[in-house]
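Chemist: Okay, sequence plus prediction incoming.
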Amino acid sequence: MATVVSKTKVPFFLHDLGQPELDAIAEVLANPILTTGEWVARFEQRFADYLKVSQAIALTSCTGAIHLSLAALGIGEGDEVITTPMTFIATATGIIQSGARPVFVDVEAETGNLDVSRVEAAITERTRAIVPVHLYGQMCDMRALREIADRYGLFIVEDAAHCVEGRRDGVRPGELGDTACFSFYATKNLTCGEGGAVVTNDRQLAEKLRLLRLHGMNKNANDRHREGYQHWDMPTFGWKYNMDNLQAAMLLPQMERLDENWHKRAELARTYETRLWDIPHLSRPVTVPGVDHAWHLFPVWIGGNQRDRVIEKLQSQNIGVMVNYRAIHLLTYFRDTFGFREGDFPIAEKIGDANLSLPFYPNMPREHVDQVADELTRVLERSA
Ligand SMILES: Cc1ncc(COP(=O)(O)O)c(C=O)c1O
């Protein structure tokens with residue numbers, strides 16, 4: 001059994017991959033097809049069943065899933081796509097890769113999610129799509145967003161990198177969006193190191209996505225293995241985003257413990273919340289009524305200009321932390337390319353200056369939660 005070890009006293013994240021994944025990989029290695037094949041098809045079916053969508057297409061990243069979704073929907077040069085600046089850069093770079101321009105809309109102060117009430121004001125005649133992000137695992141208001149998108153004839157591509165398990169008012173990722181995009185990056189709730197998927201209920205769109213994920217070729221290596229070599233065609237231009245059997249084999253056993261791990265993280269979040277509620281300068285994103293939070297990350301907001309000092313203190317105690325995220329419109333590339341400036345999206349900027357993600361993963365020991373809470377209390381009470 002593989003056991004992961006970390007040099008950090010309180011690690012930010014540890015994966016729980018072990019014997020089931022090693023066994024699954026060994027099965028693939030006993031088979032001639034390492035690239036996209038039977039295991040990928042099995043994972044796609046299992047993932048689609050979990051999300052209750054008809055189609056899942058496994059890819060190499062969520063960034064690729066966002067890019068391919070927009071490309072498959074015919075979005076490109078000259079188009080605008082509305083999204084949030086409080087996200088990982090990949091949400092916007094996926095849009096840029098399609099040829100479209102990202103148009104940011106500020107976020108809700110209570111959640112950090114795209115503020116749906118501001119979306120209409122950002123729609124122009126060039127707008128073709130909206131890419132909401134279900135930040136930290138809390139879904140955006142998809143019913144309200146779908147209503148706006150339908151009124152203006154826009155597509156919705158959900159960035160659900162943080163939200164496999166979550167729901168809002170009974171709606172799951174992929175249910176109201178034209179597509180939903182997922183990440184299986186190293187620290188995600190499901191991981192194969194690097195990987196992703198796109199889901200949809202539109203069969204025709206799924207066919208197009210399957211073509212576009214592999215150069216636009218209409219046959220793949222698995223077809224050649226099954227049917228022998230046959231000439232293939234390239235009916236359209238495509239990219240190289242296909243998941244391989246090894247990645248899919250690693251993901252399949254994790255599907256069996258996805259909900260168990262989700263419940264473990266929910267329990268951890270409750271423990272953190274009881275420990276952190278009365279610390280000076282510290283607040284938390286609100287979980288909106290009707291939301292079943294996927295609990296991907298556990299961020300706190302540190303006010304009073306203390307965030308970076310707290311990072312230093314926690315790191316000096318060998319406690320792993322991250323910032324998810326500093327508002328992305330203020331990163332050099334976005335400033336230089338699109339002319340964004342401080343003050344453009346003040347709520348995202350305020351959250352970006354306060355954000356701090358605490359150690360959080362399903363098998364995190366309770367003592368580590370206590371150590372993090374004790375250290376935060378010590379640092380922030382001293383400065384109050
Ligand atoms: C919100 C969000 N969107 C997109 C991505 C990109 O995912 P990937 O690394 O699979 O391309 C990430 C990954 O960290 C993310 O957190």
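Modeler: Yes, it's here. Residues are numbered from 1 along each chain as shown.

Chemist: how about the residue nearest to residue 92 when sequence neighbours are not counted, what does it touch?
Modeler: In space, and not counting its chain neighbours, residue 92 is closest to residue 102: 4.3 Å by Cβ to Cβ, 6 or more residues apart in numbering. For glycine as for every other residue, the C-beta is placed from the backbone atoms N, C-alpha and C. Residues in contact with residue 102 (Cβ atoms under 8 Å, 6 or more residues apart in numbering) are 80-81, 83, 91-92, 95-96, 338.

Chemist: Kindly confirm my reading that residue 102 forms part of a strand.
Modeler: Yes: counting by DSSP: H, G, I helix; E, B strand; the rest coil, residue 102 falls inside a strand.

Chemist: What's opposite it in the beta bridge?
Modeler: Assessed by DSSP bridges, residue 102 has beta-bridge partners residue 81.

Chemist: any idea how far residue 5 is from it?
Modeler: Counting by Cβ to Cβ, to the nearest Å, the gap from residue 102 to residue 5 is 40 Å.

Chemist: What's the ChimeraX syntax to select whichever of the contacts of residue 102 are buried?
Modeler: Filtering those down to the buried ones (16 or more other Cβ atoms under 10 Å) takes a single ChimeraX command:
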select :80,81,83,91,92,95,96
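
Chemist: Check whether residue 107 really touches residue 116, as I assumed.
Modeler: No: contact between residue 107 and residue 116 fails when scored by Cβ atoms under 8 Å: they sit 10.2 Å apart.

Chemist: Please identify which of these two sits among more neighbours.
Modeler: residue 107 (28 against 20; other Cβ atoms under 10 Å).

Chemist: Against residue 114, how distant is that one?
Modeler: Here the criterion is Cβ to Cβ. By it, residue 107 lies 6 Å from residue 114.

Chemist: which residues are in contact with both of the two?
Modeler: Counting by Cβ under 8 Å, 6+ apart, the contacts common to residue 107 and residue 114 are residue 84.

Chemist: how about the strands in the stretch 51-200 of the chain?
Modeler: With DSSP state E, counting those that start in this stretch as the definition, the stretch 51-200 of the chain shows strands at residue ranges 55-59, 80-83, 101-104, 127-131, 155-159, 167-168, 179-183, 196-200.

Chemist: Of those strands, which is nearest residue 264?
Modeler: strand 167-168 (18.0 Å; Cβ to Cβ).

Chemist: who touches the closest one?
Modeler: Contacting residues not belonging to strand 167-168 are listed as 138-142, 288, 290-292 [Cβ under 8 Å, 6+ apart].

Chemist: Rebuild those as JSON lines, extending it with neighbour count, distance to residue 194 and pLDDT.
Modeler: Output for these, formatted as JSON lines (neighbours: other Cβ atoms under 10 Å; distance: Cβ to Cβ, whole Å; pLDDT from 0 to 100):
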{"residue": "138", "neighbour count": "24", "distance to residue 194": "25", "pLDDT": "98"}
{"residue": "139", "neighbour count": "29", "distance to residue 194": "24", "pLDDT": "98"}
{"residue": "140", "neighbour count": "30", "distance to residue 194": "25", "pLDDT": "98"}
{"residue": "141", "neighbour count": "22", "distance to residue 194": "31", "pLDDT": "97"}
{"residue": "142", "neighbour count": "25", "distance to residue 194": "27", "pLDDT": "98"}
{"residue": "288", "neighbour count": "17", "distance to residue 194": "31", "pLDDT": "98"}
{"residue": "290", "neighbour count": "13", "distance to residue 194": "33", "pLDDT": "98"}
{"residue": "291", "neighbour count": "20", "distance to residue 194": "29", "pLDDT": "98"}
{"residue": "292", "neighbour count": "19", "distance to residue 194": "27", "pLDDT": "98"}
